[in-house]
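Novice: sequence unknown, structure follows:
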């Protein structure tokens, strides 16, 4: 039997590619999606389509309202920054959600332990990214160390591993990898500020990085944008 | 102005004592309680009473259904162990909830960052306890290290500290400390398996440790038990 893995799936380009990589590596796929009060909850519909396309048998959609804490353009009444220059991308923007990946990885760890799954996949990227601290390799390594002291499974000898196959890839490399693995990127949603029909804005960091990635990969993004 | 602290409050004896210690240390108190699908959700009523007694101005009650993952006597259809011998307490019992403190501390961290609070209090104890891995000093230290790589605040120079004032205290010492600080322990609830009116069973690990603590402290537990 294939070993179980838990994959964090937002519905975006990165997490979908991460899922395809876990599949290629031969894991039994268990996906977890968090409805955290994000304004761009259109991505949850994308996640649903991806789960169907990958024929995932075991999925959890977790409701956890991080908007109760506020402090982010993605959950609070703060404008999503638009048309930032690439040179600004090293500043952490208003779309940073406090401790989001820590909360998400904790939930993945909790579920993983009940599944005897010691492999957790997260599609973080520290190259073509918005400078979020919880996407960096040193953070992931610290989370992994903590996991291996946190659980009954680890006391009993298991070792959790946090897999970040995209962490040192450019967005173009991620896209080319995903296309080779047969991903239909029309199912995915990246925009932080889509319109009510889920049409991406073309101007937020997430759209910028996605469009740049497709351009550099010399591939066509199958999504239609409001304005790019 | 007093610095902000975030205190994890379950409604139990330990977290209430931890709250009283944070108050004594001069912090502005911000409490967070998690409704995680615990069968013994009577403790949420206790938390409410404690928040009132401490006149807490800023509180969050977070709904997060960990019962969706299962794997614990506290959330799943698994019996709560009763009348365990103290010598068994080093085995991790069925009441262990996978990665619970990791999830709880992550939520506290997320809220703390939005409050500019760099002090997080959790009432874990590694002496008179049930052997849970996520109560041990080495785990707390790893979580703290991870926190200081996870957040925008830490990138900008802040240092989060996870305070565990009870970690090396016996239950009797915790009770004596709390009584000196004026805690009314009749407001608190420790039992894993109370009846529908919240009356504690007197036989689970939590009741056992609480009763032993009061006995060793030579104090009277103000709670009435079903059977002890």
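Specialist: Looks like it came in fine. Source: prediction; values computed, not measured.
Novice: from here on, just use CA atoms for contacts and neighbour counts.
Specialist: OK.
Novice: need the contact list for residue A:63.
Specialist: Contacts were defined as Cα atoms under 8 Å, 6 or more residues apart in numbering or on different chains; by that measure residue A:63 touches A:34, A:35, A:36, B:64, B:65.
Novice: bridging residues for it?
Specialist: For residue A:63, the beta-bridge partners under DSSP bridges are residue A:35.
Novice: can you give me the buried ones in stretch A:190-202?
Specialist: Within stretch A:190-202, the residues scored as buried using 16 or more other Cα atoms under 10 Å in any protein chain shown are A:190, A:191, A:192, A:193, A:194, A:198, A:199, A:200, A:201, A:202.
Novice: now, which of the residues you listed sits nearest chain B?
Specialist: residue A:192 (19.0 Å; Cα to the nearest Cα).
Novice: who touches the top helix by length along chain A?
Specialist: Counting residues, the longest helix in chain A under DSSP state H turns out to be helix A:100-115. For helix A:100-115, the external contacting residues (Cα under 8 Å, 6+ apart) are A:4-8, A:32, A:34, A:118-120, A:134-135, A:143, A:147, A:151, A:153, B:69-71, B:98-100, B:102-103, B:106-107, B:110, B:150.
Novice: repeat that for 7 Å
Specialist: Contact partners of helix A:100-115, identified using Cα atoms under 7 Å, 6 or more residues apart in numbering or on different chains, comprise A:6, A:32, A:118, A:134, A:153, B:69-71, B:98-99, B:102-103, B:106-107.
Novice: also stretch A:172-186?
Specialist: Outside stretch A:172-186, the residues that reach it (Cα under 7 Å, 6+ apart) are A:13, A:17, A:20, A:166, A:213, A:214, A:216, A:217, A:222, A:223.
Novice: from chain B, how far off is the nearest residue in space to the fifth one that is not next to it in sequence?
Specialist: It stands for residue A:213. Counting by Cα to Cα, 6 or more residues apart in numbering or on different chains, residue A:172 is the residue found nearest to residue A:213 once chain neighbours are left out, at 4.2 Å. Using Cα to the nearest Cα, to the nearest Å, we find residue A:172 at a distance of 26 Å from chain B.
Novice: tell me where chain A has helices.
Specialist: Using DSSP H, the helices of chain A run over A:13-24, A:42-53, A:100-115, A:137-150, A:152-155, A:171-180, A:205-216.
Novice: export the ones you listed as TSV, with columns for mean neighbour count and mean pLDDT.
Specialist: As requested, the helices of chain A are exported to TSV (neighbours: other Cα atoms under 10 Å in any protein chain shown; pLDDT from 0 to 100):
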stretch	mean neighbour count	mean pLDDT
helix A:13-24	22	98
helix A:42-53	19	97
helix A:100-115	23	98
helix A:137-150	22	98
helix A:152-155	18	94
helix A:171-180	20	98
helix A:205-216	20	95
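Novice: turn these into TSV, including distance to residue B:93.
Specialist: Formatted as TSV, the entries for the helices of chain A read as follows, by distance: least, Cα to Cα, whole Å:
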stretch	distance to residue B:93
helix A:13-24	33
helix A:42-53	35
helix A:100-115	14
helix A:137-150	15
helix A:152-155	10
helix A:171-180	43
helix A:205-216	45
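Novice: which of the ones you listed sits closest to residue B:42?
Specialist: Between residue B:42 and the helices of chain A, the tightest spacing by Cα to Cα is seen for helix A:100-115, at 23.2 Å.
Novice: ok, back up a step: may I ask which two of the buried residues of stretch A:190-202 are separated the most?
Specialist: Across the buried residues of stretch A:190-202, no pair lies farther apart than A:198 and A:202, at 11.8 Å, counting by Cα to Cα.
Novice: that older thread, just the contacts of stretch A:172-186 now: which is nearest residue A:44?
Specialist: Scanning those for proximity to residue A:44, where the rule is Cα to Cα, the winner is residue A:13, at 12.8 Å.
Novice: tell me who's in contact with residue A:152.
Specialist: Residue A:152 makes contact with residue B:133 under the criterion Cα under 7 Å, 6+ apart.
Novice: swap in 8 Å and give it another go.
Specialist: Each residue near residue A:152 by Cα under 8 Å, 6+ apart is listed here: B:92, B:96, B:98, B:132, B:133.
Novice: top of the residues you listed by number of neighbours, please.
Specialist: Sorting the contacts of residue A:152 by how many neighbours each has (other Cα atoms under 10 Å in any protein chain shown) puts residue B:98 first, at 28 neighbours.
Novice: please tell me I have it right and it contacts residue B:73.
Specialist: No - assessed by Cα atoms under 8 Å, residue B:98 is found out of contact with residue B:73, at 10.8 Å.
Novice: which of the contacts of residue A:63 has the largest number of neighbours?
Specialist: In terms of neighbour count, residue A:34 stands highest of the contacts of residue A:63 at 20 neighbours, by other Cα under 10 Å.
Novice: excluding chain neighbours, give the residue nearest to that residue in space.
Specialist: Setting aside the residues directly before and after it, residue A:34 is nearest to residue A:62 in space (Cα to Cα, 6+ apart), at 4.8 Å.
Novice: for that neighbour, grab the count of nearby residues.
Specialist: A count of nearby residues for residue A:62, using other Cα under 10 Å, gives 17.
Novice: again, but for the one 10 residues further on
Specialist: Using other Cα under 10 Å, residue A:72 is surrounded by 21 other residues.
Novice: list the residues that contact it.
Specialist: Residue A:72 is in contact with A:78, A:94, A:95, A:96, A:97, A:98, counting by Cα under 8 Å, 6+ apart.
Novice: what do you get if the cut-off is 6 Å, keeping everything else the same?
Specialist: Each residue near residue A:72 by Cα atoms under 6 Å, 6 or more residues apart in numbering or on different chains is listed here: A:94, A:95, A:96, A:97.
Novice: do residue A:122 as well
Specialist: For residue A:122, the residues meeting the contact criterion (Cα under 6 Å, 6+ apart) are A:8, A:164.
Novice: so the residue nearest to residue A:116 when sequence neighbours are not counted versus chain B, what's the distance?
Specialist: Distances taken as Cα to Cα, 6+ apart place residue A:4 nearest to residue A:116, at 7.1 Å, with adjacent residues excluded. The span separating residue A:4 from chain B equals 15 Å under the rule Cα to the nearest Cα.
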